[in-house]
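**Student:** Give the three-dimensional model of this entry:
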Amino acid sequence: MRILVVDDEIVLADQIQLALTRLRYTVDTALDGNEALDLIFVEPYDLIILDIMLPRKNGFEVLSEMRSSDIDVPVLMLTGKGTVEDRIKGLDMGADDYLAKPFSMEELLARIRALLRRSNKLISPVLKTATITLDPSKREVSKNGNTLELTPKEFSILEFLMYSMNRVVSRVTIAEHVWGNEFDPWTMSNSIDVHIKNLRKKIDDSKGNILQTVRGIGYTIRDDYE
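**Tutor:** Numbering: from 1, shown residues only. All right, here's what the predicted structure looks like:
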C-alpha cells in the first residue's frame with residue numbers, strides 16, 4: 001500500500017512517515033502543493049494525507065485539481081486551524097475525512113485504517129513477527145501456523161500492539177484504543193493487566209518474550225524475537 005503525506009512541517013511529516021513505514025506501508029512525502037500534484041499525477045496512491053496550509057498551492061487547491069481530474073484516492077485533510085468552516089469546505093470539495101492539529105499518532109493511524117477499509121482498496125495488511133501472524137480483515141491470529149482463539153478484547157489489544165511494533169504503548173493508550181468511550185482510568189489498568197495475562201497464556205508467552213512489559217510505562221511487541 002502506498003501513501004502520500006503532504007505537509008510543510010518537516011518534523012511532523014517525518015514522524016508520520018516513520019510511523020507508517022513501521023506498519024509496512026510505502027510512504028512518499030511532499031512539502032508543498034505543487035510537489036504533491038507532481039507526485040499524485042504520476043504515482044498510484046492508496047491514500048493521501050493532505051495539510052491545508054501549504055506553500056505554492058494550498059490543500060484545497062490540490063484537492064480541487066485532484067477531483068476535477070477524476071482522481072478518487074481517499075484524502076485525509078489536516079489543519080492547524082480546526083475551524084468548522086475549513087472542515088465543511090474540505091468535505092464539500094471531496095475530502096474523505098478531517099483531522100485537526102495537534103493529534104495523537106494513534107488517532108491518525110486509526111483514521112487511516114478506517115479510510116483504507118472504506119475505500120475497498122485495502123484489506124488491512126497482515127501483521128507478522130517471527131512467530132505470530134495477525135490478519136485484521138479476517139480477524140485471525142496464528143502462531144507458527146496454528147490458529148489461536150482470542151476474545152474480541154484480546155484480539156484488539158494484540159492488533160494494536162502489533163500495529164505499534166517496536167514502540168512502547170502505555171496502558172492508558174491501550175485502554176483508550178480498545179475501550180473507547182467506555183474507558184475509565186480508575187478501573188481500567190487492572191482490567192488491561194488481566195487481559196494481557198490471558199493473552200500471554202493463549203500465545204504461549206509465559207516468560208514475556210513476545211509481549212514484553214516495560215515497567216512503569218506499558219507494553220511492547222518486537223518484530224525480531226525468536
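**Student:** What are the structural domain limits within this structure?
**Tutor:** 2-118, 127-221 (automatic domain parsing).
**Student:** lowest-confidence stretch among those?
**Tutor:** With a mean of 84, domain 127-221 has the lowest mean pLDDT of those.
**Student:** Is it possible to get the domains of the chain out as TSV so that each row also shows mean neighbour count?
**Tutor:** The way it works is simple: take the backbone N, C-alpha and C, and place the C-beta from them, glycine included. As requested, those are exported to TSV (neighbours: other Cβ atoms under 10 Å):
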stretch	mean neighbour count
domain 2-118	17
domain 127-221	16
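**Student:** Tell me which residues touch Y219, please.
**Tutor:** Shown in contact with Y219 (Cβ atoms under 8 Å, 6 or more residues apart in numbering): L161, V168, V169, R171, I174, I196, L211, Q212, T213.
**Student:** Okay, and which of those residues map to strands?
**Tutor:** V169, L211, Q212, T213 (DSSP state E).
**Student:** Tell me which residues touch the first one, please.
**Tutor:** So that's V169. F160, L161, G218, Y219, T220.
**Student:** Let me know the pLDDT of Y225.
**Tutor:** 55.
**Student:** I should have written K121 there, sorry.
**Tutor:** For K121, the predicted pLDDT is 49.
**Student:** show me where the chain has strands.
**Tutor:** Going by DSSP E, the chain shows strands at 2-6, 26-30, 47-51, 75-79, 97-100, 127-128, 132-135, 140-143, 146-148, 169-170, 211-214, 218-221.
**Student:** Let me know which of these is the nearest to Q15.
**Tutor:** Nearest of these to Q15, taken as Cβ to Cβ: strand 2-6 at 9.6 Å.
**Student:** re the thing from before, would you turn the strands of the chain into a markdown table with distance to Q17?
**Tutor:** As requested, these are exported to a markdown table (distance: least, Cβ to Cβ, whole Å):
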| stretch | distance to Q17 |
| --- | --- |
| strand 2-6 | 6 |
| strand 26-30 | 5 |
| strand 47-51 | 10 |
| strand 75-79 | 14 |
| strand 97-100 | 16 |
| strand 127-128 | 19 |
| strand 132-135 | 23 |
| strand 140-143 | 28 |
| strand 146-148 | 32 |
| strand 169-170 | 20 |
| strand 211-214 | 25 |
| strand 218-221 | 21 |
